[in-house]
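**Student:** 3D model of this:
(chains A and B)
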Protein chains: 2
Amino acid sequence: MSIFNFSAGPAMLPRVVLEQAQAELLDWHGSGMSVMEMSHRGGEFQQIIDEAIADLRELMAIPDNYQVLFMQGGGQGQFSAVPLNLIGRTGRADYVNTGHWSTLAVKEAARYGEAREVCSSAGDAFHGIPDRSGWELDPRAAYVHYTPNETVNGVEFQDIPDVGAVPLVADMSSNILSREVDVSRFGLIYASAQKNIGPSGVTVVIVRDDLLDHALPITPITLQYRKYADAGSLFNTPSTYGIYLAGLVFKWLKQQGGVAGIEQLNKAKADLLYRYLDDCGGFYFAPVEASARSRMNVVFRLRDESLNADFLAQSKAAGLLQLKGHKVVGGMRASIYNPMPLAGVEALVAFMRDFAQRRG
Amino acid sequence: MSIFNFSAGPAMLPRVVLEQAQAELLDWHGSGMSVMEMSHRGGEFQQIIDEAIADLRELMAIPDNYQVLFMQGGGQGQFSAVPLNLIGRTGRADYVNTGHWSTLAVKEAARYGEAREVCSSAGDAFHGIPDRSGWELDPRAAYVHYTPNETVNGVEFQDIPDVGAVPLVADMSSNILSREVDVSRFGLIYASAQKNIGPSGVTVVIVRDDLLDHALPITPITLQYRKYADAGSLFNTPSTYGIYLAGLVFKWLKQQGGVAGIEQLNKAKADLLYRYLDDCGGFYFAPVEASARSRMNVVFRLRDESLNADFLAQSKAAGLLQLKGHKVVGGMRASIYNPMPLAGVEALVAFMRDFAQRRG
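**Tutor:** Numbering: from 1, shown residues only, chains lettered A, B, ... in the order given. This is a model prediction of the structure:
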């Protein structure tokens, strides 16, 4: 039986990447060491991190005036790091609230300055994205923060919002590398690794040079972007094995036609699943507005929620793992990041159709 | 040729641990998932982290009124987290300075309160430990911080200093689990994983319950001990694979007779190397005072430093890797953490004897 893992993160990794990691786990390229055993100051690891950064720069066409940093602490670490490093420019920041993670981000930022919600879809149970025309942006904000894809709510921006001259900051944890984006439109992009990049414990930060030197005096050393930029991410010991895995994933992605290639596959996967949800006659339904539906996290519900436990037990038995929705919204969620093949979504739809026929 | 890796960290791991990780990399215990692909909220990972914590509690005989936390950010993350969480009790803290890492720790703490050096061996080039009788401790300090083992300088406390009723905080990054310690003597112990615990990217914090609730209001969420204690370390997504590896190392250590068993081996390894250094007739020498010599990081120099490059090249060719000293002190350093077998130290001494005969 094929197994497909729909976890929202940590999430499935490409099989060939895991196989390569397994093959070289005891001895990397004849060095006599596992990657886990290498000094982060040695030539072997320097080669690994240099290649990872170069490959990510190529995949995202990152301009030269941006730094690529590998940090620790995940997206929530950046909920603090972003205001600590940036809000000092003017003392205030604008936040777009489209779901669970945006809500936590603005709450944390408010501890370090005037962090203001410029719009919110909370009244709509986060099923859509507030129209850009209604956002009350402050031209004196140090930055505008938004969440291009809300992992919990399954809501995704289809375009990059225009916020004028104020630096745009994006929490791309759950859709980085899944679709083409113009990095030059952003002041800063951050992403925890455990969806489209690699194992948990690595956080990628892509930051424009002019935003490196505004940290508040209270910023802990391990959250200061400038220190990581000056040290090529080796300010302190990073998650070396996580960076190695991320590098393998970047090489795999290049072989898939890069971001443009994987975006076509991601679109096909999401279209297949949403089309079934819309056409299934109501046994299942997708609560998110069509214009805001995430390609990465497909949130859906059963009309008769008393069948939820059966659905989860039978899907697991069929090799379709971790379909339970996040506890704050309930229902179901199929996370279909880059490594999920089309066959996984086809297997899910086939199971859902069969379950609906048997229990409908 | 056997290869022995003397890196100061990330450092060598037990071969059997790496072999087990390799065997189950693609499929953990029939779950159909790599550990890297598991949700940190799922039952499989809960079992992994529960066992890791229970094994660490057993190995160190950690009393019930202490929490075991897995965090991110390494020792330097804790240089900020310790004052941010603890200094608020009284606004001041005492720091014992015995080397490179203590120096950085007190510098970071001074950003969050009155952090004061109560003694320093800087005048002695950090080759010894200032006598306890000369420390000017402040009874109103929120805590006393010290570094039981200085990785760079090769200086180690042989006993736990008595600091009265003030909570004692220890950066045990480079000697945790290498010798028996009475945890009840400490308010807080922290350690980055990449020496005696597992791969880099995991930080262990052992903290007494009464110290959880003194965080300054500016403390970033991912550095707040209370949040990790309340969530069983799953406040946010931890380095799941790193915790799994740490758990395997803990099980391996139990098979070595626990901490008491490995301490005997560590003592034999260090004794063998220091004895050779003292008896070799001066071709090599150990600069650290005999009473303060580290069992983990054996710092030594060649009398004729023009031979350093040759020594490093030939030792590497002989399979003895990463013997170069830290850049701030120069010379050589053999880090011989728990996983280093006695045979590794024997091979090093044999090589050193041969090199001295050829070049002396």
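
**Student:** make it CA atoms for all contacts and neighbour counts henceforth
**Tutor:** Fine.

**Student:** show me where the stretch 51-200 of chain A has helices.
**Tutor:** A:74-86, A:100-109 (DSSP state H, counting those that start in this stretch).

**Student:** how about the ones you listed in JSON lines, adding mean pLDDT?
**Tutor:** Compiled in JSON lines, those are given as follows (pLDDT from 0 to 100):
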{"stretch": "helix A:74-86", "mean pLDDT": "98"}
{"stretch": "helix A:100-109", "mean pLDDT": "98"}
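
**Student:** pick the most deeply packed of those helices.
**Tutor:** helix A:74-86 (a mean of 25; mean count of other C-alpha atoms under 10 Å in any protein chain shown).

**Student:** thinking again about what came up before, could the helices of the stretch 51-200 of chain A go into TSV alongside distance to chain B?
**Tutor:** Converted to TSV, the helices of the stretch 51-200 of chain A look like this (distance: least, C-alpha to the nearest C-alpha, whole Å):
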stretch	distance to chain B
helix A:74-86	6
helix A:100-109	8
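
**Student:** would you convert those into CSV that also reports distance to residue A:168?
**Tutor:** Converted to CSV, the helices of the stretch 51-200 of chain A look like this (distance: least, C-alpha to C-alpha, whole Å):
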stretch, distance to residue A:168
helix A:74-86, 11
helix A:100-109, 14
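
**Student:** so what's the residue nearest to residue A:239 when sequence neighbours are not counted up against?
**Tutor:** Once flanking residues are discounted, residue A:239 sits nearest to residue B:201: 4.2 Å by C-alpha to C-alpha, 6 or more residues apart in numbering or on different chains. Each residue near residue B:201 by C-alpha atoms under 8 Å, 6 or more residues apart in numbering or on different chains is listed here: A:72, A:201, A:237-240, B:72-74, B:192-194, B:239, B:242.

**Student:** tell me the pLDDT of residue B:201.
**Tutor:** According to the prediction, residue B:201 has pLDDT 97.

**Student:** and the closest residue to residue A:61 other than its chain neighbours, how many neighbours?
**Tutor:** Closest residue to residue A:61 in three dimensions, ignoring its sequence neighbours and counting by C-alpha to C-alpha, 6+ apart: residue A:183, at 7.4 Å. Other residues lying near residue A:183 total 17 when counted by other C-alpha atoms under 10 Å in any protein chain shown.

**Student:** so what's the gap between stretch A:291-303 and the chain middle?
**Tutor:** Relative to the chain's own centre, stretch A:291-303 is displaced by 16 Å; criterion: C-alpha atoms, centre = their mean, to the nearest Å.

**Student:** give me the distance between the residue nearest to residue A:325 when sequence neighbours are not counted and residue A:100.
**Tutor:** With C-alpha to C-alpha, 6+ apart as the measure, residue A:332 is the residue that lies nearest to residue A:325, at 4.1 Å, once sequence neighbours are left out. Applying C-alpha to C-alpha, to the nearest Å, the value for residue A:332 to residue A:100 is 16 Å.

**Student:** kindly report the residues of the stretch 101-250 of chain A close to chain B.
**Tutor:** A:108, A:111-112, A:199-202, A:218, A:220-222, A:236-241 (C-alpha under 8 Å from any C-alpha of the partner chain).

**Student:** how is chain A divided into domains?
**Tutor:** Taking the TED database as the domain assignment, the record places the domains of chain A at A:17-256, A:257-358.

**Student:** in chain A, which spans are strands?
**Tutor:** With DSSP state E as the definition, chain A shows strands at residue ranges A:4-5, A:66-71, A:92-97, A:114-120, A:144-146, A:149-150, A:155-156, A:168-171, A:188-192, A:203-208, A:284-285, A:297-302, A:320-321, A:332-335.

**Student:** can you redo those strands as a markdown table with mean neighbour count and distance to residue B:255?
**Tutor:** Putting the strands of chain A into a markdown table (neighbours: other C-alpha atoms under 10 Å in any protein chain shown; distance: least, C-alpha to C-alpha, whole Å) gives the following:
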| stretch | mean neighbour count | distance to residue B:255 |
| --- | --- | --- |
| strand A:4-5 | 24 | 34 |
| strand A:66-71 | 25 | 34 |
| strand A:92-97 | 26 | 51 |
| strand A:114-120 | 20 | 53 |
| strand A:144-146 | 26 | 50 |
| strand A:149-150 | 28 | 45 |
| strand A:155-156 | 26 | 49 |
| strand A:168-171 | 23 | 44 |
| strand A:188-192 | 25 | 36 |
| strand A:203-208 | 24 | 35 |
| strand A:284-285 | 20 | 52 |
| strand A:297-302 | 24 | 43 |
| strand A:320-321 | 23 | 35 |
| strand A:332-335 | 26 | 40 |
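
**Student:** contacting residues around the longest helix seen in chain A?
**Tutor:** With DSSP state H setting the assignment, residue counts place helix A:258-279 as the longest helix in chain A. Helix A:258-279 is contacted from outside by A:59-60, A:177-180, A:253, A:256, A:284-286, A:294-296, A:298, A:300, A:336-338, A:342, A:345-346, A:349, using C-alpha under 8 Å, 6+ apart.

**Student:** recalculate using a threshold of 7 Å.
**Tutor:** Contact with helix A:258-279 is made by A:59, A:177-180, A:256, A:284-286, A:295, A:338, A:342, A:345, A:349, as judged by C-alpha atoms under 7 Å, 6 or more residues apart in numbering or on different chains.

**Student:** could you do stretch A:287-296 as well?
**Tutor:** Contacts with stretch A:287-296, where a contact means C-alpha under 7 Å, 6+ apart, come from A:127-129, A:149, A:154-157, A:175, A:266-267, A:270, A:300, A:335-337.

**Student:** emit the ChimeraX select command for whichever of the contacts of helix A:258-279 are buried.
**Tutor:** One line in ChimeraX is enough to select the buried members of those, burial here meaning 16 or more other C-alpha atoms under 10 Å in any protein chain shown:
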select /A:59,177,178,179,180,284,285,286,295,338,342,345,349
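
**Student:** of the contacts of helix A:258-279, which is the nearest to chain B?
**Tutor:** The nearest member of those to chain B, counting by C-alpha to the nearest C-alpha, is residue A:338 at 13.3 Å.

**Student:** surely that closest one and residue A:196 touch.
**Tutor:** Yes: because the distance of 6.1 Å satisfies C-alpha atoms under 7 Å, residue A:338 is recorded as touching residue A:196.

**Student:** returning to what we had before: I'd like the contacts of helix A:258-279 laid out as JSON lines, including pLDDT.
**Tutor:** Formatted as JSON lines, the contacts of helix A:258-279 follow (pLDDT from 0 to 100):
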{"residue": "A:59", "pLDDT": "98"}
{"residue": "A:177", "pLDDT": "98"}
{"residue": "A:178", "pLDDT": "98"}
{"residue": "A:179", "pLDDT": "98"}
{"residue": "A:180", "pLDDT": "98"}
{"residue": "A:256", "pLDDT": "97"}
{"residue": "A:284", "pLDDT": "98"}
{"residue": "A:285", "pLDDT": "98"}
{"residue": "A:286", "pLDDT": "98"}
{"residue": "A:295", "pLDDT": "98"}
{"residue": "A:338", "pLDDT": "98"}
{"residue": "A:342", "pLDDT": "98"}
{"residue": "A:345", "pLDDT": "98"}
{"residue": "A:349", "pLDDT": "98"}
